[in-house]
Every structure is written in C-alpha cells, then in structure tokens.
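Asks: here is a sequence together with a model predicted from it:
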Amino acid sequence: MTQQQDQNIKSRPMTGPLEGIPLPDLDRLPDYERGFWEGSHRSELRIQRCSGCHMFRHLPTPMCPSCHSLEYDWSKVSGRGVVYSFVVVRNPVHPAIREKEQVPYNISLIELEEQAGLRICSNVLNIAPEDIYIDMPVQVTFIPTVDDPNVVLPLFVPSD
Amino acid sequence: MTTSSADINGIRDKAAIVGIGETDFSFDSGRSELQLASEAIKAACDDAGISPHQIDGLIRYEMDTNQETMLIQSLGIENLRHWESVSYGGGAGNAVVGHAAAAIAAGYCNYVVCFRAANLRSQMRLGQARNPQRIAGGQQGFAAPFGSMAPAHQFSMFVRRYMHKYGATSEHFGWVAVTLRENASRNPRALRRDPITLADHQNSRMVVDPLHLLDICQENDGAAAIVMTTPDRAKNLRHADTLTLVEAAAQGSGPQNEGVIYRPDISVAESTNTARDLWARAKVGPSDIDALMFYDHFTPFCLFNLEAYGFVPFGEAKDFVAGGQNIRFDGMLPINTHGGNHSEAYIHGLTHTQEAVRLIRGVSTSQPPNKTIDRVLSCSSVAQLSAAVIIRRG
C-alpha cells in the first residue's frame, strides 16, 4: 500500500519507553550529567543551570559555555514545553526495535518553556504520530524503563 | 580592525589535482579496506601518471581504518613527509582536499593523496544503531534511550523544521532524487542506474518521516582517491592539457553543535559560516560557479546548501529545484552530475571532488552540453562541521 493510500490509517500511539535499546549507565556517568537522571528518578525534570549567569543548558557540560563558570545546580523546571521538531521512525535500525516490532515511534525535540532554545530529546506518548505537530504543547511525565527500572525517562504527553 | 582569516587565501592556485581514481562500488566488495584503499590510490596515481612510490603526503579521514603505516607498507611509499587525519565522516569531505592543498602550498610534500576506503555496507553500516547498550555519558545518552540512534533520525529533525518554516514539501526533495538518479543512469560507476519518477519517490516507503527511502544515500563498499601536486609539476604529468586548481577552501562550524539537534536554529544550514569564508577567500561569488557538488546524504540538504552558499535566498530553494530543470546536467546550475551519494555511491564526499575534476576535464558522463565548466563548488555536510572547496580550470 502506498503512503498516499495509507494516510487515513493512523499508527498506534506510544505508551511508554522503547524497550531493549541503549540506556545510560548510571554508575559510570560523568558527574556533570548525573543530576539529570537523578532528577528523573525522583519524577522531577532537572536541567543544569549555571550558578554564575543562571543560564540553563542542555546538553550538560562541565563548564558554562556563556560565562565559563564551573559552578552549576540542577534546577527543577516546570516540565511544560512545545514540540520544536519531531520525526517518525518507521524503519528499525536496532535489533530490539525490529524484534519487538516497536516501529513506528516518534522522536521529538521538546523546547522547554523556561528559556528560548532550551531543548531536550524525548518521545511524545498517547498520540498517534500522524497527529503530532510543531508547537504542540506538551507536559513531562516519568516512566521507568523495562530494561533497568533505575533508569527513568522523562517523556511527554500532549497538554492543552 | 583585526584581520579575519577570510582575508588571507594562502592556498590560491598553489595546488593542482592531477589524478583521480576509485574502485568499483558495490554492496559487498569481498576485499579488505586496505585493499580497497590501495586499489583506489594506485588508480589515482595511474590517472596522474606517477608511481605510488612518489607519494610523500597522505591526508586521511579519521574514520578510515587504513593507517599511514599500512599504506606505506602496501603502496611502497619511500618517505612519507606529511600526513594528516581530518575528523568526522561527511565533514571531512572536501576538508581533506583543502588540507592537501595547504600541504602542497606550504611545501611539506610533492605528491599528496587524499583517500577514503571503507566497507560501509558489508562491514560497519553507518545507518544502523552503533551505540553500546549501556552509555557511559555524552550526547548519545540523551538521544539513544528515546530511539534516536542513526544519522537519519537527527538530520530529519532539521528537515521537519525546514518544511515548517519555508513550506517545502517532500515533492521538492523528490525532484532532487529524480535529477540525481537521472545523472546516475548515464554513469557506469553508479550503484543505482534505473531512472525514477516523482511518483516513485513519493511511493517509496517512509524510512524516517519526513524522509522517504529515495531521499536517503546509499550504504556501500568502495574507495576513492585523488592526487595533488604543484601546478609546475602538473605541467609534466598526464593531464597537462587541463590544469585543475584548488582556488579556495574553507571549513566551519556553528555554536552548540554537539549532538547535532541542539543548535540555535536547525532549519538553517550550519554551513553558512563556511560559505561566507569561502567566498571571501576566493573573491568570487555564486554567479561565477558553473556546477555544484553537494554532499547529498539526504536529498533535502541540497536545498539547504543552495541557500547557505547564496545561490538562492533562504526559503526559495524549493522553488529553484521544483521540476528539476534548473539543477539538471543541462540546466542553469547542475548538481551532482555523477549521481552523488544518492545514486552513484557513498564515499563520504570524496567522489564529489572527483566529479568536479571530471567536469573541468570535460569527461563527466553527464557533461553539460551547452557550456564549458570552469569553476565548480564542492561542499560537504551542512552540519555538524562543514567544509568546501572551489576547483577551477587553470
């Protein structure tokens, strides 16, 4: 069936983390990344924030790329944001995605409300990928991975 | 006022490309990567009319498994006076050519070879997940757990945003695919030679929405090499009748490019910085260019580069490529007359520089019928790091 003929049939929504794929090794992470995952484990979205100039940053780094301070904290943010961009993966590139028939799934780039350009990569749950759109408002939710319940992913759901 | 690096062009016309060579391109070469490199470099030396014994400079891609010592051993190099590795895959395309020109201009070596050799289908496939199952830090730890594990996943994020911002559609990308395939249909080296229609593109399966299968480059085995020397030496070699010079080269980045998708505006190519420096160094502009070699890992990036290098205003590349007339081999600005990564083969951009040389020699299988090709722009990937060279007739 062609893509055109297919367009009225929507794919199933994601309901939780993908299974069987690479995860962070919490015991070996550098200290400047750990706070993100520790926050998630407590169901809090914590983003690295410079203690000098108070700029949020993600990806985490040991030094503030703006004022070059080495001091930072893990600031709890609201978890509200919008979809900045997204893609829908339909071809599996990892054996676990193939074997567990986990396509299609979306990868979404979420811009957080606290700071322009502050984005994290995630998935949007509870919505058919065909219905996701740029600037769609979303809210964070936290779900442990099946493969290692200590690794909790910040995922997003549509909000209005 | 301080002097910007763009005010100096120390390599202008100091290096000539005198030989190009490649292996066959395939989905299973059945040979080691060292053999592929050796074959392609020997072919480039044959084309130049020199012996591999004369090579005294090597510029390799950092990703390449062939180390300098292995090639000294295999090719019988007597004294390697100069060697460099350029990091990143697609970002190293054209950068190796710029580095080689600089090495010749500086007098570090007499005959320098740039090469890329890899079994990127039968061995390591870049399009498949290559992350470790447990990630000990770094950007992939913030991407792979959400299923972002391949270049197509990251680069499609740019494409979606670009479509949103400028109203480009998949059909615009399809015109690039149709055009590149038509070019490849005349190229006996090409892996994919069956012509396609816009409908074929639209009906090809969605791989990473918004990218269809026919938006995505090949994964293949093969190798390519080029030989450069001084213009004086070039006059005594096999292609003495056509002097092919490196006029200018540039590399660049933007801010926040670790992880690819966190840059300030992902709908704009990062290569705008590279473009600005390249034009400033060359002291020529888009209207002086006769053909374009764009790193087409994914078709939309031909549109990105048309805008980044100033051939059309931002947002207007979609109209420029629509219908294909402007970018066909006989059009105003031919793109990838060899068929590109899309249909000829994916050798990390080195085949694009080779095709620039063929166009200047007048021997492309899609040689533009109605004009002489005097100057070609060859650009690498639009992100994370980019590079470009201008190759001109001397």
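Replies: That came through fine. Numbers count the residues shown, from 1 in each chain, chains lettered A, B, ... in the order given.
Asks: how far does the longest strand anywhere in chain A sit from the chain's center?
Replies: If you go by DSSP state E, chain A has its longest strand at strand A:80-89. Its chain's average C-alpha position is 9 Å from that of strand A:80-89, according to C-alpha atoms, centre = their mean, to the nearest Å.
Asks: list the neighbouring strands of that strand plus their orientation.
Replies: Pairing partners of strand A:80-89, with direction, according to DSSP bridges: strand A:105-112 (antiparallel), strand A:137-144 (antiparallel), strand B:206-209 (antiparallel).
Asks: quick check: what element follows the second one along the chain?
Replies: When you say that, I think you mean strand A:137-144. strand A:152-158 (DSSP states H and E).
Asks: pretty sure residue B:84 is in a strand, no?
Replies: Yes. Residue B:84: assigned to a strand according to DSSP: H, G, I helix; E, B strand; the rest coil.
Asks: show me what it is bridged to.
Replies: Beta-bridge partners, per DSSP bridges, of residue B:84: residue B:59.
Asks: centroid-nearest residue for chain A?
Replies: Note on chain A: the residue nearest the mean C-alpha position is residue A:122, at 2.1 Å, using C-alpha atoms, centre = their mean.
Asks: who's in contact with that residue?
Replies: A:107, A:108, A:109, A:110, A:153, A:154, A:155, A:156, B:146 (C-beta atoms under 8 Å, 6 or more residues apart in numbering or on different chains). For every residue, glycine as well, the C-beta is placed using N, CA and C.
Asks: and residue B:216, by the same measure?
Replies: By C-beta under 8 Å, 6+ apart, the neighbours of residue B:216 are B:127, B:152, B:207, B:297, B:298, B:299, B:342.
Asks: and if you look at residue A:126?
Replies: A:13, A:14, A:15, A:157, A:158.
Asks: residue contacts, the residue lying closest to residue B:371 once chain neighbours are set aside?
Replies: Leaving aside its chain neighbours, residue B:371 sits nearest to residue B:290 (6.4 Å; criterion: C-beta to C-beta, 6 or more residues apart in numbering or on different chains). Contacts for residue B:290 were tallied using C-beta under 8 Å, 6+ apart; they are B:334, B:359, B:368, B:371, B:372, B:373, B:374, B:375, B:376.
Asks: residue 112: neighbour count?
Replies: I went with chain A, as the question did not name one. By the criterion of other C-beta atoms under 10 Å in any protein chain shown, residue A:112 has 23 neighbours.
Asks: oops, wrong one, chain B.
Replies: Neighbours of residue B:112 using other C-beta under 10 Å come to 28.
Asks: which parts of the helix or strand where residue B:158 lies are buried?
Replies: Counting by DSSP H and E, the element that carries residue B:158 is helix B:151-166. Going by neighbour count (16 or more other C-beta atoms under 10 Å in any protein chain shown), the buried part of helix B:151-166 is B:151-163, B:166.
Asks: in helices, which of the contacts of residue B:290 appear?
Replies: Residues of those located in helices (DSSP state H): residue B:359.
Asks: of the contacts of residue B:290, buried ones?
Replies: B:334, B:359, B:368, B:373, B:375, B:376.
Asks: any idea how far the second one is from residue B:159?
Replies: Distance of residue B:359 to residue B:159, given as C-beta to C-beta, to the nearest Å: 28 Å.
Asks: and what of the last one?
Replies: Using C-beta to C-beta, we find residue B:376 at a distance of 26 Å from residue B:159.
Asks: quick revisit: helices or strands next to the helix or strand just after the helix holding residue B:158 in the packing?
Replies: Where DSSP H and E defines the elements, the next helix or strand beyond helix B:151-166 is helix B:170-185. Applying 3 or more C-beta pairs under 8 Å, 6 or more residues apart in numbering or on different chains; DSSP states H and E, one finds that helix B:170-185 makes contact with helix B:198-203, strand B:211-212, helix B:300-308, helix B:317-321, helix B:340-343.
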